[in-house]
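Chemist: Sequence and predicted model, in that order:
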Amino acid sequence: MLSIFRATAVAFAGLALMPALAPQFAWAHSTADPSEGTAGSYLRTAFRVTHGCKGSPTTAVTIRMPDGVLSAKPMPKAGWTIETKTRPLDTPVDSGHGFKIREAVTEVTWTGGRLENAHFDEFVLTMRLPNKPGATLYFPMVQTCEKGSNNWTGIPAANQKWGDLPEPAPFITLKKAVGHAH
């Protein structure tokens with residue numbers, strides 16, 4: 001009986017904290033999950049679309065890669081087509097897997113599907129993160145709908161908070177790699 005009481009108390013305490021977390025992880029905003037990755041490593045993250053455009057279904061999602069993200073691979077989605085745009089690199093970069101990266105991905109777009117306003121979905125990428133511990137990478141995202149669009153492209157200026165922007169860009173914060181014990 002005591003453990004049920006404790007579990008209930010912990011659940012209520014968690015609910016009490018939700019308003020404090022709401023500005024950082026606003027339910028209506030598009031976000032990356034996870035929103036933290038290890039600098040210089042690979043990360044699989046899902047960019048979440050939580051609603052349409054003023055009730056209109058989503059028909060395309062475009063995510064722009066920030067500087068430093070060289071390699072990005074989108075996960076296919078049933079019913080959607082993927083287009084990846086790249087730019088040549090001035091100097092090829094070692095992939096860490098026995099080949100050189102000669103082009104950087106600049107943009108990934110999923111089109112042709114239909115995501116109703118009443119539903120949410122995730123658009124998944126795996127990418128190589130730059131080796132910049134402490135940096136925050138912003139991924140401007142355009143959500144195109146049958147009628148209108150949402151431009152999740154806002155990047156906070158100095159003294160501005162992400163959650164205060166009307167349409168903030170999803171982000172990933174880079175943490176320092178933890179050494180391995182031998």
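Modeler: Okay, I see it.
Chemist: top strand in this protein by residue count?
Modeler: If you go by DSSP state E, the chain has its longest strand at strand 100-115.
Chemist: how about that strand as PDB, C-alpha atoms only?
Modeler: What follows is strand 100-115 as a C-alpha-only set of coordinates in PDB (Å, rounded to 0.1, in the frame of the first residue of the first chain):
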ATOM      1  CA  LYS A 100      35.600  10.500 -47.200                       C
ATOM      2  CA  ILE A 101      32.500  12.700 -47.100                       C
ATOM      3  CA  ARG A 102      32.700  14.900 -50.200                       C
ATOM      4  CA  GLU A 103      29.300  16.600 -50.000                       C
ATOM      5  CA  ALA A 104      27.400  18.000 -47.100                       C
ATOM      6  CA  VAL A 105      23.700  17.500 -46.800                       C
ATOM      7  CA  THR A 106      22.000  20.900 -46.700                       C
ATOM      8  CA  GLU A 107      18.300  20.000 -46.700                       C
ATOM      9  CA  VAL A 108      16.000  17.000 -46.400                       C
ATOM     10  CA  THR A 109      12.300  17.100 -47.600                       C
ATOM     11  CA  TRP A 110       9.600  14.600 -47.200                       C
ATOM     12  CA  THR A 111       6.600  15.100 -49.600                       C
ATOM     13  CA  GLY A 112       3.600  13.300 -50.900                       C
ATOM     14  CA  GLY A 113       2.100  12.100 -47.600                       C
ATOM     15  CA  ARG A 114      -0.800  13.500 -45.600                       C
ATOM     16  CA  LEU A 115      -0.600  14.100 -41.900                       C
END
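Chemist: And that strand, what does it pack against?
Modeler: Helices and strands touching strand 100-115, by 3 or more Cβ pairs under 8 Å, 6 or more residues apart in numbering; DSSP states H and E, are strand 58-64, strand 72-74, strand 81-94, strand 121-128. In this view, the C-beta of every residue, glycine as well, is placed from N, C-alpha and C.
Chemist: what's next to that strand, contact-wise?
Modeler: With contacts defined as Cβ atoms under 8 Å, 6 or more residues apart in numbering, strand 100-115 is touched by 49, 52, 57-65, 69-72, 74, 77, 79-89, 92-95, 121, 123, 125, 127-128.
Chemist: Narrow the residues you listed to those that are buried.
Modeler: Neighbour-count burial (16 or more other Cβ atoms under 10 Å) is assigned, among the contacts of strand 100-115, to 49, 52, 57-65, 69-72, 74, 77, 80, 121, 123, 125, 127-128.
Chemist: okay, now Pro34: neighbour count?
Modeler: Applying the criterion other Cβ atoms under 10 Å, we find 12 residues in the vicinity of Pro34.
Chemist: Identify the residues contacting it.
Modeler: By Cβ under 8 Å, 6+ apart, the contact set of Pro34 is Leu43, Thr45, Ile172.
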